[in-house]
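Undergrad: sequence-free structure coming up:
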């Protein structure tokens, strides 16, 4: 790509020669890149080989989000791989839109088309808009590669200048990264959250993708806020318009399983019982720990800590349960002695409300032996505490 601008280099990949080269790189081995590049440059232009190798690397990175089958035929940019919605989350959201009766949707800030693809597969016709020519070219190529071009129209434009009249819904995914990394101020998004909110209110239904760390006070009163986790990792938050004013939801994938807030007061704190529940991150972000506690008949171990404890085991999809064998004041020497006595070599360390870093603790206690245990470094009744136990599934 030394002599070609990025858009021209990408366009070259869409030629017959470029596609043949990408097919040759389907099973590309990064460890053999130098030998592969040397071989390919004997038969193809240097710039095209560089572009194809870059695309092969991006396709391998994209497998985690898009799956091997789709990633093998799709096209990506470095930012596109990093910022695209993973297929599981996009498919869930597309299903929500389809269930609302949405048939035509404007996808503003569409990126490389991850959400547009999921929407089209759900039967929704999509206008996908982005202002970057290369990104639009990639999104268009992806729609064609997956056989969805009839349902996805890609338009290169400033989203703030695109009319959305006549569409059943709007989806906005503002850029939340800048030259210095992640952007935490919603008004520094591109476009700003305030603009996206106004655009959302002009449509029958809308969803705005935002960072999961958004302060609750920044959530508009007329929006439903949903936090989504996938495999236990919180991936994003979404503001929905037209679905329920002020509602708070935590959705767990796969599933989906959705916990809707019932407006419960904060649960009381009490002594550590036999069982400890670690709420899913989406439930914590959605401020639904009280709902999790009600689900398991539990209480908090401390008013400021999002761990729930109970005397009986009640399995719930919204938290991971642990059987607690020891609840002790924090004392490194006692912990080391106890782990040595029980021959614990497989040690999982979790922390919440503790200044001690898990890796620092592991180095100091030097776990050794055939057995496993989980240690929670936390606070209980205001005091630094060590809780030792094991996942309920191991019982």
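TA: Done, it's in. Computed from a prediction, not measured in an experiment: that's the story for all the values here. Numbering: from 1, shown residues only.
Undergrad: which stretches of the stretch 201-350 of the chain form helices?
TA: Ranges of helices within the stretch 201-350 of the chain are 281-285, 289-296, 332-341, based on DSSP state H, counting those that start in this stretch.
Undergrad: now those as JSON lines including distance to residue 377, mean neighbour count and mean pLDDT?
TA: C-betas here are computed from N, CA, C, even on glycine. Conversion of these to JSON lines gives the following (distance: least, C-beta to C-beta, whole Å; neighbours: other C-beta atoms under 10 Å; pLDDT from 0 to 100):
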{"stretch": "helix 281-285", "distance to residue 377": "17", "mean neighbour count": "23", "mean pLDDT": "97"}
{"stretch": "helix 289-296", "distance to residue 377": "19", "mean neighbour count": "21", "mean pLDDT": "96"}
{"stretch": "helix 332-341", "distance to residue 377": "9", "mean neighbour count": "14", "mean pLDDT": "94"}
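Undergrad: kindly reformat those as JSON lines and extend each row with distance to residue 375.
TA: Listed next are those as JSON lines, based on distance: least, C-beta to C-beta, whole Å:
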{"stretch": "helix 281-285", "distance to residue 375": "20"}
{"stretch": "helix 289-296", "distance to residue 375": "21"}
{"stretch": "helix 332-341", "distance to residue 375": "7"}
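Undergrad: out of those, which gets nearest to residue 392?
TA: Across the helices of the stretch 201-350 of the chain, the minimum distance to residue 392, taken as C-beta to C-beta, is reached by helix 289-296, at 11.3 Å.
Undergrad: which elements pack onto the closest one?
TA: strand 257-260, strand 275-279, helix 281-285, strand 299-300, strand 308-310, strand 319-329 (3 or more C-beta pairs under 8 Å, 6 or more residues apart in numbering; DSSP states H and E).
Undergrad: need those in TSV (columns: distance to residue 339).
TA: What follows is those, written out as TSV (distance: least, C-beta to C-beta, whole Å):
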stretch	distance to residue 339
strand 257-260	35
strand 275-279	18
helix 281-285	27
strand 299-300	27
strand 308-310	22
strand 319-329	11
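Undergrad: check contacts around residue 275.
TA: For residue 275, the residues meeting the contact criterion (C-beta atoms under 8 Å, 6 or more residues apart in numbering) are 296, 298, 309-313, 321-324, 392.
Undergrad: which SS class is residue 384?
TA: Secondary structure, DSSP: H, G, I helix; E, B strand; the rest coil: residue 384 is strand.
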